[in-house]
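>>> Sharing a model prediction with you, sequence too.
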Amino acid sequence: MADQRQPMAGTVEVLETHRFDVAALEAYMKGHVADFSGPLTVRQFQGGQSNPTYYLQTPQREYVLRRKPPGKLLPSAHAVDREYRVITALGQTDVPVPRTYALCEDPEVVGTPFFIMECVNGRVITDARLPGLTPADRAAMYDAMNDVLARLHNVNWKAVGLADFGKPGNYFARQFHRWTSQYRASETETIASMDRLIGWLPGHIPADDTTTIVHGDYRLGNMIVHPTEPRVLAVLDWELCTLGHPLADLAYNCMPYHLSADVMEGFEGANLAPLGIPSEKTYLAAYCRRTGRPGIEDWDFYVAFSMFRLAAIAQGIMGRVLEGTANDPNARLRGERARPLADAAWAILAPRAA
């Protein structure tokens with residue numbers, strides 16, 4: 001039984017701008033969530049998620065609610081319906097995801113569309129260096145993260161009903177256009193390395209045009225880890241998920257190998273063996289073995305592209321900071337990553353571009 005006297009760690013009272021009629025939600029859940037019974041209490045998860053996320057508790061169970069934020073939004077942004085759809089589809093597979101209960105597209109209930117899913121209890125570890133874990137547990141955690149990503153990319157996306165979830169093929173060209181446009185729209189200063197990336201990347205897209213389900217933000221911080229074991233219980237935050245190139249996910253996941261400790265908690269140049277963290281070469285070999293991929297060519301492109309994309313996202317955040325519209329208290333810190341990310345990406349490509 002859930003203990004209503006102890007608020008869940010990482011939650012706060014619902015922010016004033018994100019409040020809604022709890023009684024209306026409770027009435028909805030009685031009619032749409034199997035075996036639901038109140039009373040219902042609501043708290044909000046901390047953090048800068050673009051989709052407000054709530055912890056729902058009854059005397060018997062715990063749930064999580066994800067909703068579109070209130071206010072005027074871009075038509076394709078904050079697509080909780082897509083997130084619900086992919087999590088529900090993956091519930092048929094061996095990819096660890098929360099169980100989904102209901103999708104409500106009627107904005108009258110809580111003010112915006114939302115979905116309800118299982119609350120998976122465990123640890124959220126945001127630092128890729130895994131401080132506090134033993135070397136053996138670090139090794140096991142990296143192996144588990146690698147295994148889950150391979151499972152995702154091995155899913156037959158047509159068989160689980162996601163044939164129309166994205167556009168197969170030409171992924172990097174489309175992504176490049178999208179993020180270049182967004183970067184230019186929010187550009188607040190000239191970043192020479194970003195300009196170089198924009199000039200070089202589109203003409204050097206690898207010929208490999210594999211299509212899988214891609215998460216879009218695959219990292220430790222978007223996983224629930226078992227409370228005591230180095231095991232992934234659930235992968236969260238599928239907002240950027242689509243059909244795309246699997247090496248985009250893998251390279252994004254491997255960015256800490258190429259970044260310094262002051263940028264995204266990276267460990268570039270560190271002696272990883274005593275820590276239990278596998279080398280990038282070992283990590284890539286394990287992924288290739290699990291997915292049946294014979295090897296990876298043009299790895300520098302994939303890593304640099306991932307950094308370029310994240311730099312564009314960071315620039316967008318900085319644009320909102322300067323406009324005074326950023327909600328995340330850490331927004332300025334995140335926005336300031338645009339330049340070091342772009343610099344790191346160009347340092348990887350510079351030998352080829354010379």
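Looks like it came in fine. Residues are numbered from 1 along each chain as shown.
>>> Let me see the ranges of the strands in this structure.
In the chain, the strands defined using DSSP state E lie at 11-12, 41-45, 53-57, 62-67, 100-104, 114-118, 212-214, 223-225, 232-235, 242-244.
>>> for those, which one sits closest to residue 128?
Nearest to residue 128, of all those, is strand 223-225, at 11.5 Å by Cβ to Cβ. C-beta: built from backbone N, CA, C; applies to glycine.
>>> Any idea which helix or strand in the protein has the lowest mean pLDDT?
Within the chain, confidence by mean pLDDT, DSSP states H and E is lowest for helix 331-335 among all helices and strands, at a mean of 83.
>>> what sits against residue 134?
residue 276 (Cβ atoms under 8 Å, 6 or more residues apart in numbering).
>>> Let me fix that, I meant to ask about residue 291.
By Cβ under 8 Å, 6+ apart, the neighbours of residue 291 are 150, 153-154, 246.
>>> Can you tell me which of those is nearest residue 195?
Closest to residue 195, out of all of those and judged by Cβ to Cβ, is residue 246, at 28.7 Å.
>>> could you measure that closest one against residue 51, distance?
Residue 246 is 25 Å from residue 51, where distance means Cβ to Cβ, to the nearest Å.
>>> ok, now residue 152?
Residue 152 sits 20 Å away from residue 51 when distances are taken as Cβ to Cβ.
>>> More neighbours: which of those two?
Counted by other Cβ atoms under 10 Å, residue 152 and residue 51 do not tie: residue 152 has more neighbours, with 25 against 19.
>>> Name the spans of the protein whose pLDDT lies under the cut-off.
Across the chain, the ranges flagged by pLDDT under 70 are 1-7, 47-49, 71-78, 325-329.
>>> mind redoing it with 80?
1-8, 47-50, 69-78, 263-265, 320, 323-331, 354 (pLDDT under 80).
>>> care to break it down by domain?
Per automatic domain parsing, the structural domains of the chain span 11-118, 135-353.
>>> tell me what the lengthiest helix in the chain is packed against?
Taking DSSP state H as the criterion, the chain has its longest helix at helix 299-323. Helices and strands touching helix 299-323, by 3 or more Cβ pairs under 8 Å, 6 or more residues apart in numbering; DSSP states H and E, are helix 171-186, helix 192-200, helix 246-253, helix 331-335, helix 338-353.
>>> if we compare those, which one ends up closest to residue 46?
Comparing the helices and strands packed on helix 299-323 under Cβ to Cβ, the one sitting nearest is helix 331-335, at 14.0 Å.
>>> if we can go back for a sec, between the helices and strands packed on helix 299-323, which gets nearest to residue 81?
Nearest to residue 81 among the helices and strands packed on helix 299-323 is helix 171-186; the distance by Cβ to Cβ comes to 20.0 Å.
>>> for that closest one, which positions count as buried?
The neighbour-count check on helix 171-186 (16 or more other Cβ atoms under 10 Å) flags 171-172, 175-176, 179-180, 182-183, 186 as buried.
>>> how far away is the residue most central in space within the chain from residue 239?
Residue closest to the average C-alpha location in the chain (Cα atoms, centre = their mean): residue 217, at 2.9 Å. Look at residue 217 and residue 239: by Cβ to Cβ, they are 8 Å apart.
>>> Repeat that for residue 90.
Residue 90 is 14 Å from residue 239, by Cβ to Cβ.
>>> One more: residue 176?
20 Å.
>>> ditto for residue 182
For residue 182 relative to residue 239 (Cβ to Cβ), the value is 15 Å.
>>> Over to residue 324?
24 Å.
>>> Look at these two and report which has more neighbours.
Between residue 324 and residue 239, residue 239 has the larger neighbour count (other Cβ under 10 Å), namely 20 against 6.
>>> Now for the more buried one: which residues touch it?
Contacts for residue 239 (Cβ under 8 Å, 6+ apart) come out as 50-51, 78-80, 82-83, 216-217.
>>> cutoff 7 Å now
By Cβ atoms under 7 Å, 6 or more residues apart in numbering, the contact set of residue 239 is 50-51, 83.
>>> Turn these into JSON lines, columns for distance to residue 8.
Listed next are the contacts of residue 239 as JSON lines, based on distance: Cβ to Cβ, whole Å:
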{"residue": "50", "distance to residue 8": "21"}
{"residue": "51", "distance to residue 8": "18"}
{"residue": "83", "distance to residue 8": "21"}
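>>> Out of those, the closest to residue 311 would be?
residue 50 (17.9 Å).
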